[in-house]
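**Q** pasting the structure only:
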């Protein structure tokens, strides 16, 4: 058996080598995204693993199938860059890695919330300028007594709720599939009620066509005056122009964003060249804490992502299906 891995993170290569030795399966590491110029590397392969940053070219799906391969295993939770219709037409099974390290993202989310409330970015900025005054821009808020709204209560959302229980907050959630075990710490509400009641909303949902720009001007207008929003999920869930407008008006007091809807050619690169005034507006806004899609980035996550993705590929090759199938 042979599996091709396209564009793995350089720090994950040692974990690929470990998996290869442990499973006695050949892995061909290709330091490029899968495209029409390198797809011939699949000629003698049985499976494919991809790190998906950009959408695949339309004809790639059928070309993969033409090599006799039955699946594409992606190393992330989100699969919005995959065209599931084209995959289905080509007979390809798509798998993701939903539980590679939900703790990594949940812990980072809680950190983001606390730093946002405590004006950490303003404090650090002034510290670097040696401005040690107790000025208004550094005047923070306590989390105790606030209502936290969680949009999407999957594994990550639940771990966020679990981690926040000790802070003396009320936790509410809007989610398509409420889990019974969550009811002891979370009250489930409709979306409009989540908007109206939450002091802080944190987003933990997959991005699908139905919830693209779920948080748009209409949603922000329904949120509490002076509330906060946090996103460690997918950038496309937020209409960034509407968010900036709501922050400017004072409706939204602040935001912490680990993702951005047009991040594909920005995050992951050193000094990337881009022309994006909206992104620059986020970076320059003192009420927005920006992170470069780094919430997941731990040793545990890197190892689990690539090893779980390789396991998924083998599962489909050997059984014709996978418990992590998304289509």
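**A** Yep, it's here. None of these values were measured; they are calculated from a predicted model. Numbering: from 1, shown residues only.
**Q** Give me the distance from stretch 27-36 to the chain's centre.
**A** 23 Å (Cα atoms, centre = their mean, to the nearest Å).
**Q** For the chain, which residues score under the pLDDT cut-off?
**A** Filtered on pLDDT under 70, the chain yields the residue ranges 54.
**Q** Please name the nearest non-neighbouring residue to the residue nearest the centre of it.
**A** Nearest residue to the geometric centre of the chain (Cα atoms, centre = their mean): residue 233, 3.5 Å. With Cβ to Cβ, 6 or more residues apart in numbering as the criterion, residue 233 has its nearest non-adjacent residue at 4.7 Å, and that residue is residue 203. The C-beta positions use only the backbone N, C-alpha and C, and glycine is treated the same way.
**Q** Any idea how many residues pack against that neighbour?
**A** For residue 203, the tally of surrounding residues (other Cβ atoms under 10 Å) stands at 26.
**Q** ok, now the one 10 residues further on?
**A** One way to gauge burial is a neighbour count; for residue 213, by other Cβ under 10 Å, it gives 17.
**Q** what's in contact with stretch 86-97?
**A** 58, 61-62, 64-65, 69-79, 82, 84, 304-305, 308-309, 312-313, 315-316, 321-322, 324-327 (Cβ atoms under 8 Å, 6 or more residues apart in numbering).
**Q** what does stretch 290-298 give?
**A** Applying Cβ under 8 Å, 6+ apart, the external contacts of stretch 290-298 come out as 100-101, 104-105, 108-109, 112, 232, 256-260, 263, 266-268, 282-283, 305.
**Q** coming back round to it: which of the contacts of stretch 86-97 count as buried?
**A** Buried subset of these (neighbour count, 16 or more other Cβ atoms under 10 Å): 61, 64-65, 69-79, 82, 304-305, 308-309, 312-313, 315-316, 322, 324, 326.
**Q** before we move on, back to that, which ones among the contacts of stretch 86-97 map onto strands?
**A** Judged by DSSP state E, these include 71, 72, 73, 74 as members of strands.
**Q** Roughly how far does the second one sit from residue 257?
**A** Meaning residue 72. 28 Å (Cβ to Cβ, to the nearest Å).
**Q** what ranges do the strands span in the stretch 201-327 of the chain?
**A** Here the stretch 201-327 of the chain has its strands, by DSSP state E, counting those that start in this stretch, at 227-231, 252-257, 288-290.
**Q** Deepest-packed of these, please.
**A** strand 227-231 (a mean of 25; mean count of other Cβ atoms under 10 Å).
**Q** so where's the longest helix in this structure?
**A** helix 299-319 (DSSP state H).
**Q** So what touches it?
**A** Residues external to helix 299-319 that are found in contact with it (Cβ under 8 Å, 6+ apart): 1, 3, 5, 8-9, 11-12, 15-16, 18-19, 23, 25, 27, 46-49, 70-71, 73-76, 93, 95-97, 99-101, 103-104, 296, 321-325.
**Q** how about the helices of the stretch 101-250 of the chain, start to end?
**A** Counting by DSSP state H, counting those that start in this stretch, the stretch 101-250 of the chain has helices at residues 102-117, 120-128, 155-164, 191-197, 217-222, 240-249.
**Q** Throw those helices into CSV and include mean neighbour count and distance to residue 210, thanks.
**A** Formatted as CSV, those follow (neighbours: other Cβ atoms under 10 Å; distance: least, Cβ to Cβ, whole Å):
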stretch, mean neighbour count, distance to residue 210
helix 102-117, 20, 22
helix 120-128, 15, 33
helix 155-164, 22, 18
helix 191-197, 17, 12
helix 217-222, 16, 14
helix 240-249, 18, 18
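**Q** Dig out what the closest residue to residue 112 other than its chain neighbours forms beta bridges with.
**A** In space, and not counting its chain neighbours, residue 112 is closest to residue 256: 4.1 Å by Cβ to Cβ, 6+ apart. Residue 256 has these beta-bridge partners by DSSP bridges: residue 230, residue 289.
**Q** do you know how far residue 256 is from residue 243?
**A** Per Cβ to Cβ, residue 256 is found 12 Å from residue 243.
**Q** Could you do residue 284 as well?
**A** 14 Å.
**Q** How about the contacts made by residue 43?
**A** Contact analysis of residue 43 by Cβ under 8 Å, 6+ apart lists residue 67.
**Q** roughly how far apart are it and residue 28?
**A** Per Cβ to Cβ, residue 43 is found 10 Å from residue 28.
**Q** Ok, residue 4 next?
**A** Distance, residue 4 to residue 28, by Cβ to Cβ: 5 Å.
**Q** My read is that residue 100 contacts residue 78, right?
**A** No - using Cβ atoms under 8 Å as the test, residue 100 is too far from residue 78 to be in contact (11.9 Å).
**Q** From the structure, what's the count of residues near the closest residue to residue 42 other than its chain neighbours?
**A** Nearest residue to residue 42 in three dimensions, chain neighbours excluded: residue 67, at 4.5 Å (Cβ to Cβ, 6+ apart). Around residue 67 there are 16 other residues, counting by other Cβ under 10 Å.
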